[in-house]
Structures are given as C-alpha cells and as structure tokens.
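A.B. asks: build me a model from this:
(chains A and B)
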Amino acid sequence: MQIGLLYSRIRSDEKLLLAELRERGHDVVKVDVRDDSFGLDAVPDALAECDLALDRCLATSRSTYVTQFCEHHGVPVINDPDTAATCADKVRTSLALSAADVPTPATEVAFTQDAALAAIETMGYPCVLKPVVGSWGRLMAKVDSRSAAEAIVEHKATLGHYEHKVFYVQEFVPKSGRDIRVLAVDGKPVAGMVRSADHWLTNAAQGADTAPFAIDDEVATLVATASDAVGGGLLGVDLMETGADGGYTVHEVNHTVEFDALDGTVDVDVPAAVVDWLETDAAGDAAATAEVTAQ
Amino acid sequence: MTECVECGEQLSLGSDLETGEIVDCTTCGVELELVSDSPPVLDRAPELEEDWGE
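C.D. replies: Residues are numbered from 1 along each chain as shown, chains lettered A, B, ... in the order given. Below you'll find the model as predicted:
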C-alpha cells in the first residue's frame, strides 16, 4: 500500500509506525501538513496516490481539519474526521459516551463564570475543571475549595482563548493513584497498561509509572462500546477504577493515540498490531467509506 | 556534523533520524527540529502549542 503519514512532528510513536510499515514493504509518504495548503478542488499532490492516509498530527486543530479534507477528496483516512472531531472535544466525547451508556464521570458545561461557579458548588469539592481541547494533562485543575474555584474560573475567563470560556466541570474520581490506558483498533483491545503516580494526574506525559494491565471482559466490553460511541478506529481509551465495587468509568478517548509508553510496557508488539489492522480491516473499511463519500 | 542554530555547536546526528524529529542540543539544550535530512538541516523546534497532544 501507499500510505500517507500526516504529521507535524515525528514522535517516537511515528518512528515505530514508520519502521514497521517500511519493514513490510509499504510505500510511506510523509506529509508534513505545515508545508501544504488544502483546497476545495484538489487533493495535495503528496496524497493523490495514497491508498490510505494516517493522521498522526500533533496539533488537534490540524488533525480535525486535515482529516476533513482527506474525506472531501476521497482519500481514506485513519481516523476519520467524525471520530477526530468527537475525540478532540471533551464535550463531544462526554455526550457520545453518555449516549452510548458508557459510564463516564458526571460532567456539567457552563458558559459564564457565575454558571460555572454554581456548577462547581453543586458538583462539590474536589472537582475538576478541564479545557475542552487539550491533552497530556495540561491546564487541568483539581478544584478543592470555593476560593480556588473563583480564582481558576476568573483566570480562564480573563486570560484564556475563547474555548476556555466553555467551563467543563467534571466529577473528581478518587482513583487510587492510577488509571488505565487501553489501545484498541475498532474496539478490539491491543494492549493495556496502568499509569500510576503520586500526583492526581496520571498521564504518561506527566511522568507516570506504567505497568501491564490484564484486560478483563468488563474492560473489553467498555472499550468496544466507547470506541463505537466515538466512531471507531485506532484509539486510546482511558478508564478509571471507581472503587471497591470493581467498576470503571471512561474519561477520555484519544484519536491520535501515543503508544510508545505502552509498547515499552507490555509484551505485545504494538506497532505491529496496529499495522496488522491497517493492512486488513482499516484499509478495506476506509476505502469503502471513501467510495461512498465520492459518489 | 550539523550546526546548532542557537549556540553554533557542531552536532553529530544519528543516521536513523527522520525529518520532523526533534533533537536536543547537547550544549545549550535547545530543542531542534530536523527540517531536512539530505543534507541534514536543523532549525529551532516550534514552541509547545495549546492543542498539541494525542
């Protein structure tokens, strides 16, 4: 296959994918999305001959738009733009998970400081304020008191981009110092790991320790349902354990999932599993979708 | 050898580097992006943007 790798930075994850794809003889075209513009009438030359585009853009804004251009021009793309748009926006993700009856933390969205403070007071302390677009645990605030809430809300309203005036207030889940990341392809788990830290944030990007996680039936079912809820594809589904009852809640689904840490944690060859899927299910599904779109 | 655009240090780059990859200057610590691999050319890496992530 000729595969267009859409990127703006080559992380260790992209290097793993590039090595696996090239080793299998695929013709990989690296497309730095910073170098091109994307128009209404023609696909950029670099993508014209690609059988499949793989969106690995580091910037969410670029990812959500460039996947739309791929779809517009009939270039099959992983992940598709609807999945990207849903996963890129925490409000849309929460709504999609809720609509699919996937357990997810209680969430309130408010558009003014007064409404945000009222939502926080109703949610109770501690709770969490998250940016609607963001990753790696950045700009997340655990709100422990009314005075902290007032300060954070004022700062967001005064200093932030307009998206920070969408106040996304979420239940704080006491998670015993760890959460779970499962990488899945169309809902089928490839591998999972726990991410542990003393800090309330347990993102690998924040330096959390990782260990393999044995995926049980309950988690597998939740991952499959969460994947379906956001449109499927190559995804990183994040879950938290909800306490002694053994339940889980899904708090995030990532559509340009990083897997270097997972690959280094588990025995599964993660990039090989991803490319296996790209060669089989993903290529066929994406081509069929593109054909329908082009008609 | 490729020159660090920040401090002028001559850097030895690995042969498996990909265009678009980031390297740290071992002398001044600045993040550099490999913007071309033939010949290798380094430029200052973009600053972290708010929407970066996974």
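A.B. asks: and the closest residue to chain B within the stretch 101-250 of chain A, how many residues sit next to it?
C.D. replies: Nearest residue of the stretch 101-250 of chain A to chain B, counting by C-beta to the nearest C-beta: A:Ser135, 2.0 Å away. Using the backbone N, CA and C atoms, a C-beta is placed for each residue, glycine as well. By other C-beta atoms under 10 Å in any protein chain shown, the residues close to A:Ser135 number 21.
A.B. asks: wait, it sits on A:Val257?
C.D. replies: No: contact criterion C-beta atoms under 8 Å: A:Ser135 and A:Val257 do not qualify, at 10.4 Å.
A.B. asks: what's the overlap in contacts for the two?
C.D. replies: Counting by C-beta atoms under 8 Å, 6 or more residues apart in numbering or on different chains, the residues touching both A:Ser135 and A:Val257 are B:Glu54.
A.B. asks: and the stretch 51-200 of chain A, which residues reach chain B?
C.D. replies: Within the stretch 51-200 of chain A, the residues that sit near chain B (C-beta under 8 Å from any C-beta of the partner chain) are A:58-61, A:131, A:133-136, A:138-139, A:161.
A.B. asks: now residue 7, nearest residue through space, not along the chain?
C.D. replies: Chain wasn't specified; assuming chain A. In this structure, A:Tyr7 finds its nearest non-sequential neighbour in A:Arg56, 4.8 Å apart by C-beta to C-beta, 6 or more residues apart in numbering or on different chains.
A.B. asks: wait, chain B was what I had in mind.
C.D. replies: Nearest residue to B:Cys7, sequence neighbours excluded (C-beta to C-beta, 6+ apart): B:Cys28, at 3.9 Å.
A.B. asks: ditto for A:Asp260
C.D. replies: Leaving aside its sequence neighbours, A:Asp260 sits nearest to A:Ser12 (C-beta to C-beta, 6+ apart; 4.2 Å).
A.B. asks: what's the burial count for that neighbour?
C.D. replies: Neighbours of A:Ser12 (other C-beta under 10 Å): 14.
A.B. asks: output the residues of the stretch 51-200 of chain A next to chain B as a markdown table; include the columns secondary structure, distance to A:Gly232 and pLDDT.
C.D. replies: Formatted as a markdown table, these follow (DSSP: H, G, I helix; E, B strand; the rest coil; distance: C-beta to C-beta, whole Å; pLDDT from 0 to 100):
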| residue | secondary structure | distance to A:Gly232 | pLDDT |
| --- | --- | --- | --- |
| A:Leu58 | coil | 22 | 95 |
| A:Ala59 | strand | 23 | 95 |
| A:Thr60 | helix | 19 | 96 |
| A:Ser61 | helix | 22 | 95 |
| A:Pro131 | coil | 25 | 96 |
| A:Val133 | coil | 21 | 95 |
| A:Gly134 | coil | 23 | 91 |
| A:Ser135 | coil | 20 | 92 |
| A:Trp136 | coil | 24 | 92 |
| A:Arg138 | coil | 27 | 91 |
| A:Leu139 | coil | 28 | 93 |
| A:His161 | coil | 30 | 86 |
